[in-house]
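**Q** for reference, the sequence and a predicted model appear below.
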Amino acid sequence: MFRSLLIREPYFGIGSYMIADQNVRDALKKYWGYDAFRPKQEEIVRNILDERDVCVVMPTGGGKSLCYQLPAVLQQGQTAIVVSPLIALMQDQVAQLEQMGIPAAVLNSSQSRNIQRDTERRAEAGEFRLLYLSPERLAKQEMLEWLAKVPVSFFAIDEAHCISEWGHEFRPDYRQLKLLRKEFPRKPVAAFTASATRHVRHDIIAQLKLKDPGKFIASFHRKNLNYQVVLCDSKTQSAKLLAILRKHAGSAAIVYSPTIKRVGETVDMLRENNIAAIGYHADMDSAERKKNQERWMADEVNVLVGTVAFGLGINKSAVRAVVHLSLPKSIEQYYQEAGRAGRDGKASDCFLLWQKKDAGLLAYFIEQISNAAEKRRSWDRYHEVRRFAESKECRHKIICNHFGEKVAWENCEACDVCLPPVEWKVEIAERTARVASKTAQNKGVAIAATLEVDGTLLARLKKWRLERSRADKAPAFVILHDSTLEHLCLRKPNSLAELRAIPGIGETKLERYGKEILELLRGR
């Protein structure tokens, strides 16, 4: 499967390999089906292949996972160890890699001992390009001792903000990852996160003991997102939520609820108003949560109402609206959750429908924190998010400034402060059209291009994808992304060669699904 990568020049090196720039681009096309990198990706890949530590802060949807998966692909006989916080997230990533023809595996406590032993044996033989582990598992001394038997290429730490006490999702087990530098001093460590302030970035570097790392901080400005912060009361909040979802009827949406009880109440309210919705929260058994997530990912149901338990690692690009029904705990949390909208670059709405009582509830929970330092940090986050909600300053500017990015514009033309007040009777259609126009101008793309998608053909492709996902026992987005389906509808390739040019279709997917896709496109 993996051809030799030994070449002459130009190249960058890792171990005994000299890997050419062309080989990197070939792998990008072969496995991911892309002709070009997104901003910063290629430079990050080069740093990792040059055995340099890196710290990467890249917003949701920026393509972080490719930055460590691609270097791993190019290292035959070696294995990149990926640290990730959720079993479901790791399983989805492994399923995606296997669909692309990349050998990968996960080790976790839910597996039988026989499966774990077989995975360990194959890892020792260097059969996997990537092996996913939880921070809790990696913190165990016996795991560190076992890893000494594995031909490790480098370590990738996903959701690295979890290592910092100043981060909004601090997890003590992440602190133990500093042992990697002690136990594997010569192995590069690559840290990745979507949301980290300057303080958190410095803490990540210090905690992981990164040595002169390459630092890659992407812009936090999501131009295609329309941030709308709206003060409501209990009577008006539901009406506004209905207006938003009706405006986005037929498109994917996420509604974030502050409590498990409110998830159920909101789902019931939406159904009573003829809006199909499903719930997601920690009290559901894992099978039900997984089923609901997969139904939403496959477009069987467009609206998912969840607590903050939903969303980490969600890889759905065509989410047109994210609605929060209460104040988040921090600006980082809001940015990360709202950022699940519009990952395909198209105009999308992010509504924060908050009430005055939300502040009191946050304050109550902060007062229950026993650790003095954590309580102080939580109060700091509370005051920041309260100022964000009540400010009359551009929302995009506040967010960028929070993460240490200085911006110069006077009017972003994509938030409630910089645009005229919402006319709820017209269901905010004009406002999103304005954001769409600005997004298209920034990208140099005509709006008409997004209107040429054949809706009937797209529905047929999504139906096929859903059937395929059930047959292959893989999430629908793992088969093909929404953006790839749209490219198929726009270009309507007539041959395998033309199909090969569609972004997101690599060689393995072309071989596995190519003929079926062509038959669908021909109307058979």
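**A** All right, it came through fine. In this text the structure is predicted, and so the values were computed from the model without any measurement.

**Q** the stretch 251-400 of the chain: helices as residue ranges?
**A** Listed in chain order, the helices of the stretch 251-400 of the chain (DSSP state H, counting those that start in this stretch) span 260-272, 286-297, 331-338, 356-367, 372-390, 395-402.

**Q** may I see the buried residues of the longest one?
**A** The neighbour-count criterion (16 or more other C-beta atoms under 10 Å) identifies Arg377, Ser378, Arg381, Tyr382, Glu384, Val385, Arg386, Phe388, Ala389 as the buried residues of helix 372-390. For every residue, glycine as well, the C-beta is placed using N, CA and C.

**Q** show me what that helix is packed against.
**A** strand 225-231, helix 331-338, helix 356-367, helix 395-402 (3 or more C-beta pairs under 8 Å, 6 or more residues apart in numbering; DSSP states H and E).

**Q** can you do 7 Å?
**A** helix 331-338, helix 356-367 (3 or more C-beta pairs under 7 Å, 6 or more residues apart in numbering; DSSP states H and E).

**Q** residues in contact with that helix?
**A** Around helix 372-390, the neighbours that count as contacts under C-beta atoms under 7 Å, 6 or more residues apart in numbering are 165-166, 168, 229, 327-331, 334, 352, 354, 359, 362-363, 366, 369, 398, 402.

**Q** now for the closest residue to Ala253 other than its chain neighbours: which residues touch it?
**A** By the measure of C-beta to C-beta, 6 or more residues apart in numbering, the closest residue to Ala253 outside its immediate chain neighbours is Ala321, 4.2 Å from it. The neighbours of Ala321, taking C-beta under 7 Å, 6+ apart as the test, are Ile244, His248, Ala253, Ala341, Ser348, Asp349.

**Q** if we go to 8 Å?
**A** Ala321 makes contact with Ile244, Leu245, Lys247, His248, Ser251, Ala253, Ile254, Ala341, Ser348, Asp349, Cys350, Phe351 under the criterion C-beta atoms under 8 Å, 6 or more residues apart in numbering.

**Q** out of those residues, what pair is the most spread apart?
**A** Lys247 and Ile254 (15.0 Å; C-beta to C-beta).

**Q** the two: which is more packed in?
**A** The neighbour count for Lys247 versus Ile254, taken as other C-beta atoms under 10 Å, is higher for Ile254 (25 against 19).

**Q** any idea how far Val322 is from that one?
**A** Separation of Ile254 from Val322 (C-beta to C-beta, to the nearest Å): 5 Å.

**Q** shared neighbours of these two, anything?
**A** Jointly contacting Ile254 and Val322 under the rule C-beta under 8 Å, 6+ apart are Glu337, Arg340, Ala341.

**Q** so which of the residues you listed is the most crowded?
**A** Among the shared contacts of Ile254 and Val322, Ala341 has the most neighbours (other C-beta under 10 Å), with 30 neighbours.

**Q** quick check: it touching Arg320?
**A** Yes. Contact criterion C-beta atoms under 8 Å: Ala341 and Arg320 qualify, at 6.8 Å.

**Q** intersection of neighbour lists for the two?
**A** Overlap of the contact sets of Ala341 and Arg320 (by C-beta under 8 Å, 6+ apart) consists of Ser348, Asp349.

**Q** can you list the low-confidence ranges for the stretch 251-400 of the chain?
**A** Applying pLDDT under 70 to the stretch 251-400 of the chain flags the ranges 311-313.

**Q** buried residues in stretch 348-361, which are they?
**A** Residues Ser348, Asp349, Cys350, Phe351, Leu352, Leu353, Trp354, Gln355, Asp358, Ala359 are the ones in stretch 348-361 that count as buried (16+ other C-beta under 10 Å).

**Q** and the fourth one, what does it touch?
**A** By C-beta under 8 Å, 6+ apart, Phe351 lies in contact with Gln228, Val229, Val230, Lys240, Ile244, Ala321, Val322, Val323, His324.

**Q** if we go to 7 Å?
**A** Phe351 makes contacts with Gln228, Val230, Ile244, Val323, as judged by C-beta under 7 Å, 6+ apart.

**Q** quick check: the residue nearest to the second one when sequence neighbours are not counted vs Arg343, distance?
**A** This means Val230. Here the nearest residue to Val230 in space, its sequence neighbours aside, is Leu353; by C-beta to C-beta, 6+ apart that works out to 5.3 Å. In this structure, Leu353 and Arg343 are 22 Å apart, going by C-beta to C-beta.

**Q** phi, psi of Val106?
**A** phi -130, psi 140 (degrees, to the nearest 10).

**Q** and stretch 275-287, how far out from the chain's middle?
**A** Taking the mean of its C-alpha atoms, stretch 275-287 sits 20 Å from the chain's own mean (C-alpha atoms, centre = their mean, to the nearest Å).

**Q** let me redo that: stretch 299-317
**A** Averaged over its C-alpha atoms, stretch 299-317 has a centre that lies 11 Å from its chain's centre (C-alpha atoms, centre = their mean).

**Q** buried residues in it?
**A** Counting neighbours by 16+ other C-beta under 10 Å, one finds that the buried residues in stretch 299-317 are 299, 302-308, 310-317.

**Q** can you dump the C-alpha atoms of that stretch in PDB for me?
**A** C-alpha atoms of stretch 299-317 as PDB (Å, rounded to 0.1, in the frame of the first residue of the first chain):
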ATOM      1  CA  ASP A 299     -29.600  14.300   7.800                       C
ATOM      2  CA  GLU A 300     -32.400  12.000   8.900                       C
ATOM      3  CA  VAL A 301     -33.200  14.800  11.500                       C
ATOM      4  CA  ASN A 302     -32.000  18.300  11.000                       C
ATOM      5  CA  VAL A 303     -32.200  19.700  14.500                       C
ATOM      6  CA  LEU A 304     -30.200  18.300  17.400                       C
ATOM      7  CA  VAL A 305     -30.800  19.700  20.900                       C
ATOM      8  CA  GLY A 306     -27.900  18.900  23.300                       C
ATOM      9  CA  THR A 307     -26.000  19.900  26.300                       C
ATOM     10  CA  VAL A 308     -22.300  20.700  26.100                       C
ATOM     11  CA  ALA A 309     -21.700  17.000  26.100                       C
ATOM     12  CA  PHE A 310     -22.400  17.200  22.300                       C
ATOM     13  CA  GLY A 311     -20.000  18.400  19.700                       C
ATOM     14  CA  LEU A 312     -16.400  17.600  20.500                       C
ATOM     15  CA  GLY A 313     -14.900  16.200  17.300                       C
ATOM     16  CA  ILE A 314     -18.200  16.500  15.300                       C
ATOM     17  CA  ASN A 315     -17.200  16.600  11.600                       C
ATOM     18  CA  LYS A 316     -20.300  18.000   9.900                       C
ATOM     19  CA  SER A 317     -19.500  20.900   7.600                       C
END
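
**Q** what sits up against that stretch?
**A** Counting by C-beta under 7 Å, 6+ apart, the neighbours of stretch 299-317 from elsewhere in the structure are 61, 86, 89, 92, 245, 250-257, 260, 263, 266-267, 270, 275-282, 292, 295-297, 337, 340, 343-344, 462, 477, 481-483.

**Q** and stretch 516-524, by the same measure?
**A** Residues from elsewhere that reach stretch 516-524 (C-beta under 7 Å, 6+ apart): Arg460, Leu461, Trp464, Leu488, Lys492, Pro493, Leu499.

**Q** check stretch 491-499 too.
**A** Applying C-beta under 7 Å, 6+ apart, the contact partners of stretch 491-499 are Ile502, Ile505, Leu510, Gly514, Ile517, Leu518, Leu521.

**Q** likewise for stretch 127-134?
**A** Applying C-beta under 7 Å, 6+ apart, the set of residues contacting stretch 127-134 from outside is 69, 72-73, 75, 79-85, 90, 93-94, 97, 102-108, 122-123.

**Q** many thanks, we can stop here.
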